[in-house]
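K.L.:
Prediction below, plus the sequence it came from.
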Amino acid sequence: MTYHQPRRAFAAGLSFVLAFFAAVPALAQDEEDRRPLRTRVGLGPQLVPSFPGSERVSLRPFIDVSRARGDDDFAFEAPDESAGFPLLRAERLSVGPSIGIEGRRRSDDVGGVLSEVGFTVEVGGFVQYQVSDAVRLRVEGRKGLGGHRGWIGMVGADYVMRDHDRWLVSIGPRVTLADNRYMDAYFGVTPDDAARSGLSAYDAGGGVQAVGATLGVLRQLSDRWGISGYAKYDRLAGDADDSPVVDSFGSRNQLSGGIALSYTFD
């Protein structure tokens with residue numbers, strides 16, 4: 001598998017910076033809270049689809065940074081959610097910005113006959129609601145800056161089982177939504193692409209892009225060291241599922257997974 005090294009380095013660096021700063025505002029405690037601050041840093045590899053609809057996966061960093069005061073548990077974060085932090089909190093409701101990245105689709109990835117989609121930074125926001133200690137709902141929406149230039153969103157729920165920070169298991173459904181511009185970038189076939197490729201021209205409309213589920217696990221091995229991992233499955237739906245691009249060059253089954261070693265320090 002061939003990688004574009006400058007973009008990989010940029011993506012890795014961006015992921016680390018986002019993960020670090022996403023953890024800081026989550027600790028926005030009252031100034032009078034003088035309890036010791038704990039930080040947990042997790043780092044490891046993950047495999048994700050090289051681009052939406054791809055039959056191949058790419059190796060990317062799996063990074064997590066969490067912080068907590070005193071004996072408070074580290075806040076739950078789903079392993080597949082975008083980097084972000086709460087700016088507004090009202091009891092069980094949180095609202096804040098989110099940011100993500102999407103890999104480049106080269107023309108060679110789709111037979112050398114379809115257009116390239118550039119590396120994309122996605123910026124937007126999230127709303128999440130803690131239904132109970134065990135159930136959390138989350139909605140994200142992000143706009144692509146460069147690359148696909150469309151809107152991509154996610155609606156998800158997580159059921160969380162945990163013994164404080166000693167171990168945690170989460171599982172929940174996901175629905176991915178996208179607008180016409182996003183869908184056309186990865187699943188559409190323009191008349192020019194159709195003439196080069198022999199595929200039928202295809203205008204992929206917005207709507208549900210995929211449905212799936214995510215499983216996350218975390219286990220603290222000692223006071224300092226821990227291990228975490230996740231597995232995610234998405235099934236393309238709607239116009240993405242019907243796309244001739246997927247029929248010829250991709251897969252309707254989208255798999256992701258990662259594992260990370262964590263270290264906690266005061």
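P.N.:
On my side now, so go ahead. Numbering: from 1, shown residues only.
K.L.:
what's around I171, how many residues?
P.N.:
I171: 16 surrounding residues under other CB atoms under 10 Å. Just so you know, the C-beta spots here come from the backbone N, C-alpha and C atoms, and that holds for glycine as well.
K.L.:
For it, which non-adjacent residue is spatially closest?
P.N.:
L215 (4.9 Å; CB to CB, 6 or more residues apart in numbering).
K.L.:
burial of that neighbour, as a residue count?
P.N.:
For L215, using other CB under 10 Å, the count is 17.
K.L.:
now do G198
P.N.:
Neighbour count for G198, taken as other CB under 10 Å: 11.
K.L.:
list the contacts for it?
P.N.:
V113 (CB atoms under 8 Å, 6 or more residues apart in numbering).
K.L.:
let's go with 6 Å and repeat that
P.N.:
If you count contacts by CB atoms under 6 Å, 6 or more residues apart in numbering, G198 has none.
K.L.:
try I152
P.N.:
I152 neighbours (CB under 6 Å, 6+ apart): 142, 178, 182.
K.L.:
in the helix or strand in which it is found, what counts as buried?
P.N.:
Secondary-structure element containing I152, defined by DSSP states H and E: strand 151-163. The neighbour-count check on strand 151-163 (16 or more other CB atoms under 10 Å) flags 151-158, 160, 162 as buried.
K.L.:
And those residues, which is closest to L221?
P.N.:
R162 (15.8 Å; CB to CB).
K.L.:
Tell me the spacing between the nearest residue to the closest one once chain neighbours are set aside and E77.
P.N.:
Residue nearest to R162 in three dimensions, not counting chain neighbours: L168, with 4.0 Å by CB to CB, 6+ apart. As judged by CB to CB, to the nearest Å, L168 and E77 stand 10 Å apart.
K.L.:
do L221 as well
P.N.:
Distance from L221 to E77, by CB to CB: 20 Å.
K.L.:
Pick out whichever of those two has more residues nearby.
P.N.:
E77 (21 against 11).
K.L.:
what helix or strand is that one on?
P.N.:
Judged by DSSP H and E, E77 forms part of no helix or strand.
K.L.:
Next one, pLDDT for it please.
P.N.:
On the pLDDT scale, E77 is placed at 94.
K.L.:
what do you get for I171?
P.N.:
I171 is given a pLDDT of 98.
K.L.:
give me the beta-bridge partners of it?
P.N.:
Counting by DSSP bridges, I171 forms beta bridges with Y159, L215.
K.L.:
Same question for L47.
P.N.:
Those that pair with L47 in a beta bridge, by DSSP bridges, are L59, G257.
K.L.:
Near it, how many other residues are there?
P.N.:
Around L47 there are 16 residues (other CB under 10 Å).
K.L.:
From G258, how far out is it?
P.N.:
When L47 is compared with G258 (using CB to CB), they lie 7 Å apart.
K.L.:
cool, and A204?
P.N.:
29 Å.
K.L.:
Same question for G147.
P.N.:
22 Å.
K.L.:
ditto for V123
P.N.:
23 Å.
K.L.:
you'd agree P79 is up against V217?
P.N.:
No. If you go by CB atoms under 6 Å, P79 and V217 don't touch, sitting 9.0 Å apart.
K.L.:
Quick check on those two: which one has the bigger neighbour count.
P.N.:
A count of neighbours by other CB under 10 Å puts P79 above the other of P79 and V217, at 23 against 16.
K.L.:
Report the contact partners of the more buried one.
P.N.:
Taking CB under 6 Å, 6+ apart as the definition, contacts of P79 comprise 216, 230.
K.L.:
Report the secondary structure state of it.
P.N.:
Assigned with DSSP: H, G, I helix; E, B strand; the rest coil, P79 falls in the coil class.
K.L.:
how close does it get to D64?
P.N.:
From P79 to D64 the distance is 8 Å (CB to CB).
K.L.:
which stretches of the stretch 51-200 of the chain have low pLDDT?
P.N.:
Nowhere does the stretch 51-200 of the chain drop to pLDDT under 70.
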